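[1] Sequence first, predicted model second:
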Amino acid sequence: MAFNQDHIKWFRDSSPYIDAHRGRTFVLCLPDTALQSPNLDNVISDIALLNSLGIRLVLVFGTEQQVIEHLDVEWPTNSSYRVTSPFILETVVKINSTLTTELMSRISSSHLESPGTRRDIPTVSGNFLRAKPLGTINGIDHQQTGCVRRVNAAALHHHLEGGAIALVPTLGYSPSGEIFHLEIHETASQVAQALQADKLIFLSPDEGLRDSTGDVINEVDLSHRENITLAPGNDILISSCDQACRAGVPRCHIISYHDDGAMLEELFTRDGCGTQVVGHSYEQIRPADMDDVPGILRLIEPLESAGVLVKRSRERVESEIEQFIIIERDGLLISCAALFPFGQSGEVACVVTHPDYRKSDRGDRLLEAIESKARQIGIEQLFVLTTQSLHWFTERGFTECTVEELPRQKRDFYNFQRNSRVLHKEVN
């Protein structure tokens, strides 16, 4: 008998994400403070695990804090950017070279518990970034501070297809041979945009973005940005996410590099542990299609086993799929309902929400969608047969009626052994 059911359940629940992420491209942004964190070994192990699961990884990493520690002079800042003199650039280049070598070494090393049994993970680095000078801002020449002009996406894709992890330091090169220091968040965003990455992940000293009260925000929907007040200091980060989402990157994530396993929790659980930033809400109501049949069956099976719902075979669900409406959350089906027309009446059936999301308004949103669909196809009255959800429906305007008031086609097949209560509601 399994002795750790929590681990088994977590592994089973993560399987849809493992399938969804395989072959996808993720860009990870690691500030150099993350590379100095006591949790770095765990972060590297998780990166290696993602690679073993078939995820294509690009690591954009910075050097700012370590450069400051090595300098005998001040590294001046103007607005959000450093002013990089040729003298300071020499230190930037040296630190980048050292960190690149250290990252390659850490990623390539085997687990101490099983030396020699772990497969090799190739890592590559190179002049993937074409840069130009940032120029003069507010009267200050930023000298060797630059911005990304172009990303060599073809070269990066070539290495990623070969299974390598690409390491991209925040250094850019001009056609004339000049080297420029680049701002890390904007650089990671530009790389993600050029690769049309599936995710852009920022590793942060904090757990995620926080609101004005100091609470971590689970999701920032940039299409409704006016509804969220962020704590100060997140301007560059949220701007980089915004640019990436506008360019077609579906999701950005902000997670802590201090918390062991934060990346795995964010990527392989329903609600994650940090902040997800999207260009539009990652939870949507839509009509079901054939690809949703397995998800619907998984959702309704526990209630069928408990006798709450009448059992439906896969063939039946497939034949009725056009009647279903679902709520999809980050690629997973978490709620469903169906509308079956009977002339000017319609049956509401299979209203099910995943147990993790039942304390919410998703049932109401599905019912609203059902009523909207009913109006569109000319249905004037809804009815429902239920054994355990009488109060839920009555609280939403349904009233109890008799079996004789059902449409004839439904009344002829009424199961008196189940003794379901019958309720109806006029569609306005």
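    Perfect, thanks for sending it.

[2] close enough to count as contact, residue 221 and residue 275?
    No: in this structure, residue 221 is not within contact of residue 275 by C-beta atoms under 8 Å, at 11.2 Å. C-betas here are computed from N, CA, C, even on glycine.

[3] Neighbour count for the two, which is higher?
    Ranked by neighbour count (other C-beta atoms under 10 Å), residue 221 and residue 275 place residue 275 first, with 27 against 16.

[4] Grab the nearest non-local neighbour of that one.
    Sequence neighbours aside, residue 208 is the residue nearest to residue 275 in space, at 3.4 Å (criterion: C-beta to C-beta, 6 or more residues apart in numbering).

[5] Residue 323 too?
    residue 338 (4.6 Å).

[6] Can you list the buried residues in stretch 322-335?
    Within stretch 322-335, the residues that qualify as buried are 323-330, 332-335, counting by 16 or more other C-beta atoms under 10 Å.

[7] need the strands for the stretch 51-200 of the chain, in chain order.
    For the stretch 51-200 of the chain, applying DSSP state E, counting those that start in this stretch gives strands covering 56-61, 77-78, 81-82, 123-125, 129-133, 136-137, 140-141, 145-151, 165-169, 171-173, 179-182, 199-204.

[8] what residue ranges in the stretch 151-300 of the chain score low on pLDDT?
    Applying pLDDT under 70 to the stretch 151-300 of the chain flags the ranges 224-228, 231-233, 280-282.

[9] What score does residue 337 have for pLDDT?
    Per-residue confidence for residue 337 comes out at a pLDDT of 95.

[10] secondary structure class for it?
    State at residue 337, reduced to three classes by DSSP: H, G, I helix; E, B strand; the rest coil: strand.

[11] show me the contacts for the residue most central in space within the chain.
    Most central residue of the chain, judged by C-alpha distance to the mean C-alpha position with C-alpha atoms, centre = their mean, is residue 251 at 5.4 Å. Contact criterion C-beta atoms under 8 Å, 6 or more residues apart in numbering gives 198-200, 245, 276-278, 282 as the residues in contact with residue 251.

[12] From residue 53, how far out is it?
    Distance, residue 251 to residue 53, by C-beta to C-beta, to the nearest Å: 18 Å.

[13] How about residue 309?
    As defined by C-beta to C-beta, residue 309 lies at a distance of 35 Å from residue 53.

[14] Repeat that for residue 395.
    As for residue 395, its distance to residue 53 is 44 Å (criterion: C-beta to C-beta).

[15] Just the element for the residue nearest to residue 398 when sequence neighbours are not counted, please.
    Spatial nearest neighbour of residue 398, chain neighbours left out: residue 423 (3.9 Å); criterion: C-beta to C-beta, 6+ apart. Using DSSP states H and E, residue 423 sits within strand 421-426.

[16] My understanding was that residue 384 contacts residue 399; is that so?
    No: Residue 384 is not in contact with residue 399 according to C-beta under 8 Å; the separation is 11.0 Å.

[17] Now for the two: what residues contact both?
    Taking C-beta under 8 Å, 6+ apart as the contact criterion, the residues that touch both residue 384 and residue 399 are 423-424.

[18] re earlier: which residues touch the residue nearest to residue 323?
    Contacts here follow C-beta under 8 Å, 6+ apart; on that basis residue 338 touches 320, 323-325, 348-350.

[19] Dihedrals phi and psi, residue 289?
    Backbone torsions for residue 289, taken as degrees, to the nearest 10, come to phi -130, psi -180.

[20] Quick one: neighbours of it, just the number.
    A total of 11 residues lie near residue 289 under the criterion other C-beta under 10 Å.

[21] Not counting sequence-adjacent ones, nearest residue to it?
    If the residues on either side of it in the chain are set aside, residue 289 comes closest to residue 321, at 6.6 Å by C-beta to C-beta, 6+ apart.

[22] picking up where we left off before, of residue 384 and residue 399, which one has the most company?
    Under the criterion of other C-beta under 10 Å, the comparison of residue 384 against residue 399 puts residue 384 first, with 22 against 10.

[23] Next, the contact list for residue 49, please.
    Here residue 49 is in contact with residue 264 (C-beta under 8 Å, 6+ apart).

[24] quick one: which helix or strand includes it?
    According to DSSP H and E, residue 49 maps onto helix 40-52.

[25] Can you give the distance of that helix from its chain's centre?
    Its chain's C-alpha centre and that of helix 40-52 lie 18 Å apart, by C-alpha atoms, centre = their mean, to the nearest Å.
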